[in-house]
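1. Task: produce atomic coordinates for the following.
(one chain, ligands or ions: 1)
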Amino acid sequence: ASTRHVPAVVVGSGYGAAVAALRLGEAGVRTLVLEMGQRWDRPGPDGKVFCGMLDPDQRSTWFKDRTEAPINGVMFLDLANRPIRRHAGVLDRVNFPNMGVYVGRGVGGGSLVNGGMAVVPDRDYFARRFPTVDADEMYRRFFPLANRMLRVNRIPDDFFEASEHYRFARLSRTLAGRAGFDTTFVPNVYSFEHMAAEERGEAPKSALATEVIYGNNHGKFTLDQGYLAEAERTGHVTIAPLHQVTRVQRTATGYALTVREITPDGAPVAEKHVTCDHLFLGAGSLGSTELLLRARENGDLPDLSAEVGEGWGPNGNVMIARANHLWHPTGARQSAIPVLAINDPERQVFAEIAPVPAGIETYLSLYLAITRGEERGRFVYDRAADKAVLQWREGQSAEAVAAARGTFDRINEANGTGYRYDVFRGAKAFADDFCYHPLGGAVLGKATDDHGRVKGYPNLYVTDGALVPGSLGVNPFVTITALAERNLATILAEDIHP
Ligand code: FAD
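-> Below is the predicted model of the structure:
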């Protein structure tokens, strides 16, 4: 097979990868982006690029026989999951013992499937998690840059207060207030101008048509429209979808990659070989860690640090299901984009009020709590399966659940309400067995230097959520983006165009 050489390769196309691709392209470095998922720009037979959340088809899920939505059902009705055809769908759930990790698959990574919540972390907590990063520079320069590039906006007050689609959030605010908790608005990359036009019937509906985890057909500013489109416009960046990197080896002057190309239905197309001078791993916490761990354990990159695989956390994610009184309906119509969060400073819980876009009144309130804590898991290499396996013990979620329970017990006491056991798998009110925010595995300053340069291997970089040490206290993509911007600025100046 022929081997192609490019100056720079970026693996993956999520936040960290997209930043790397744009900044390399702007610097005139010819760059190839290898993304295992599809490019989501062609409508299916129904005229839509993405399928809906309530009627999912093969576009929803990455090579499974049945969808694996986080919510099992409502009132024990299986509203959420369907048998489907195996296909390169946009959302994956990677199942490890005690922890299912949701990730986006496609050109744009997690930006395609996520809720768009764009939150800058609390500065003190950020400084504690990243003691070697200049927080002043991050908050002055790189967080504002990330917010601008990602087109973060806020819901106008009058729209929030008047919209029937946010009745669920206003109710949760009232109930939290009775327990003494404040709420804060959460910025988003979903255009609230578009959402208001949806409500007036002047724009095609997406958030107001229950679209989110399987992709938004309108309204959300995803990386393929932002960073990655700009990267391609430099003329120096090429994106290859349905190309999965399976192996990284050292050459005399750089790196050699083995790449598996597939069709959207999973048939092998080709095994390709690419060499490069500079290699940026942006395959996410799971993807980048697996490539490094495999290389260390199979002898391809034997000098990788023992820190590779360490320091993983689910960002303290816990989902909670609460029951409301029958005189407190949440609304049959709910926007799929969350905009409000409950703060519990005492327990350090930041609980986002999540919609239940079921299309019927459910009297259910859902929350995604982001808790803080020091519990960490680690990845080990399973040689027989050639995979990285996350080790996360059941008891490691107890700290996060206890914090969230403290907050929501108080809300229930203040309102005479209770929990719901019909929503999550295993008849639990606190879902601690899955997460949306995988973080760590190649932590900044441990597996890499302070700018994501992989220890022991020059011109090899980690640029994504694998750098973040397990916990941030808020949703991670603004931080991943800002950190990648910071690291790339130094790498371009010092390593690429010194
Ligand atoms: P990712 O965005 O995960 O991108 C990695 C990419 O690499 C993927 O496209 C993947 O297909 C590709 N890849 C992996 N391995 C390989 C390989 N070997 N070869 C080629 N390509 C590969 N965060 C927020 O801040 N706010 C939210 O509201 C929010 N909501 C979320 C909702 C859901 C349902 C999910 C799943 C996540 C949510 N997140 C949210 C989390 C956020 O999306 C992630 O933190 C973020 O996408 C991580 O960015 P990343 O750059 O680390 O990698």
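
2. Pick out the residue of the stretch 101-250 of the chain closest to the ligand.
-> Across the stretch 101-250 of the chain, the shortest distance to the ligand (Cβ to the nearest ligand atom) belongs to residue 110, at 2.0 Å. Any C-beta I mention is one placed from the backbone N, CA and C, and that applies to glycine too.

3. count of residues packed around that residue?
-> By other Cβ atoms under 10 Å, 25 other residues sit near residue 110.

4. Please name the nearest non-neighbouring residue to it.
-> residue 104 (4.1 Å; Cβ to Cβ, 6 or more residues apart in numbering).

5. Specify the beta-bridge partners of residue 352.
-> Legend: beta-bridge partners of residue 352 under DSSP bridges are residue 341, residue 368.

6. element containing residue 301?
-> Following DSSP states H and E, there is no helix or strand that holds residue 301.

7. Tell me which residues touch it, please.
-> Contacts of residue 301 were listed using Cβ atoms under 8 Å, 6 or more residues apart in numbering, and they are 248-250, 292, 295, 456-457, 460.

8. Phi, psi for it please.
-> When read as degrees, to the nearest 10, the backbone of residue 301 gives phi -130, psi 70.

9. The ligand versus that one, what's the distance?
-> 15 Å (Cβ to the nearest ligand atom, to the nearest Å).

10. Within range of the ligand, give me the residues from this structure.
-> Taking Cβ under 6 Å from any ligand atom as the contact definition, the chain meets the ligand at 11-17, 34-37, 102-106, 109-110, 113-117, 213, 244-245, 282-285, 287, 291, 436-437, 464-465, 475-477, 480.

11. isn't there a strand covering residue 271?
-> Yes - with DSSP: H, G, I helix; E, B strand; the rest coil as the criterion, residue 271 is part of a strand.

12. Longest helix in the protein, please.
-> helix 398-415 (DSSP state H).

13. Not counting it itself, show me its contacts.
-> By Cβ under 8 Å, 6+ apart, the list of residues contacting helix 398-415 from outside reads 175-176, 178-181, 314, 316-318, 320, 322, 325, 342, 344, 347-349, 351, 367, 369, 371-375, 417-419, 430, 432.

14. got the contact list for the residue nearest to residue 110?
-> With contact taken as Cβ under 8 Å, 6+ apart, residue 104 is in contact with 14, 37, 90-92, 110-114.

15. Of those residues, just say which sits nearest to residue 146.
-> residue 111 (12.5 Å; Cβ to Cβ).

16. ok, now which ones touch that closest one?
-> So residue 111 contacts 14-15, 18, 104, 189, 220, 222-224, 477 (Cβ under 8 Å, 6+ apart).

17. Could you rerun that using 7 Å?
-> 14-15, 104, 222-223 (Cβ atoms under 7 Å, 6 or more residues apart in numbering).

18. What about the contacts of helix 398-415, which are in strands?
-> In strands, defined here by DSSP state E, the members of the contacts of helix 398-415 are 317-318, 320, 322, 342, 344, 349, 351, 367, 369, 371, 430.

19. any chance of these in JSON lines, plus neighbour count?
-> As requested, the ones in strands among the contacts of helix 398-415 are exported to JSON lines (neighbours: other Cβ atoms under 10 Å):
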{"residue": "317", "neighbour count": "25"}
{"residue": "318", "neighbour count": "27"}
{"residue": "320", "neighbour count": "27"}
{"residue": "322", "neighbour count": "21"}
{"residue": "342", "neighbour count": "24"}
{"residue": "344", "neighbour count": "23"}
{"residue": "349", "neighbour count": "27"}
{"residue": "351", "neighbour count": "28"}
{"residue": "367", "neighbour count": "24"}
{"residue": "369", "neighbour count": "27"}
{"residue": "371", "neighbour count": "28"}
{"residue": "430", "neighbour count": "20"}
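
20. For residue 494, give its distance to the ligand.
-> To the ligand, residue 494 is 22 Å away according to Cβ to the nearest ligand atom.

21. That residue - how many residues pack around it?
-> Residues near residue 494, counting by other Cβ under 10 Å, number 11.

22. Just say helix, strand or coil for it.
-> Three-state call for residue 494 (three-state DSSP): helix.

23. what's the neighbour count on residue 2?
-> By other Cβ under 10 Å, neighbour count at residue 2 equals 5.

24. Skipping its backbone neighbours, what lies nearest it in space?
-> Closest residue in space to residue 2, ignoring its immediate chain neighbours: residue 273 at 7.4 Å, by Cβ to Cβ, 6+ apart.

25. what does residue 20 give?
-> Closest to residue 20 by Cβ to Cβ, 6+ apart is residue 280, at 4.4 Å.

26. Now do the same for the one you found: helix, strand or coil?
-> Applying three-state DSSP: residue 280 is strand.

27. list the contacts for it?
-> Counting by Cβ under 7 Å, 6+ apart, residue 280 makes contact with 8, 10-11, 17, 20, 461, 463.

28. mind checking how far it is from residue 367?
-> Using Cβ to Cβ, to the nearest Å, one gets 36 Å for the distance from residue 280 to residue 367.

29. And the ones in strands among the contacts of helix 398-415, which is closest to the ligand?
-> Among these, and counting by Cβ to the nearest ligand atom, the member closest to the ligand is residue 317, at 9.5 Å.

30. I figured the closest one was touching residue 436, is that so?
-> Yes - counting by Cβ atoms under 7 Å, residue 317 sits close enough to residue 436 to count as a contact (6.0 Å).

31. Mean confidence (pLDDT) on stretch 429-449, please.
-> When pLDDT is averaged over stretch 429-449, the result is 97.

32. now that stretch, how far from the chain's geometric center?
-> Mean C-alpha position of stretch 429-449 versus that of the full chain (Cα atoms, centre = their mean, to the nearest Å) differs by 11 Å.

33. ditto for stretch 481-490
-> 18 Å.

34. Check which residues of it are buried.
-> For stretch 481-490, burial by neighbour count (16 or more other Cβ atoms under 10 Å) applies to 481-489.

35. and what of stretch 285-302?
-> For stretch 285-302, a neighbour-count test (16+ other Cβ under 10 Å) marks 285-297, 300-301 as buried.

36. how about the CA coordinates for that stretch, as CSV?
-> Taking Å, rounded to 0.1, in the frame of the first residue of the first chain, the C-alpha atoms of stretch 285-302 are listed here in CSV:
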residue,chain,number,x,y,z
SER,A,285,-10.7,11.6,26.3
LEU,A,286,-11.5,8.0,25.2
GLY,A,287,-10.0,8.1,21.7
SER,A,288,-6.7,9.9,22.4
THR,A,289,-6.1,7.9,25.6
GLU,A,290,-6.7,4.7,23.8
LEU,A,291,-4.3,5.5,20.9
LEU,A,292,-1.5,6.4,23.4
LEU,A,293,-2.2,3.5,25.7
ARG,A,294,-2.2,1.0,22.9
ALA,A,295,1.1,2.4,21.6
ARG,A,296,2.7,2.3,25.0
GLU,A,297,1.6,-1.3,25.7
ASN,A,298,2.3,-2.8,22.3
GLY,A,299,5.7,-1.3,22.1
ASP,A,300,5.1,1.3,19.3
LEU,A,301,5.8,4.2,21.7
PRO,A,302,7.3,2.5,24.7
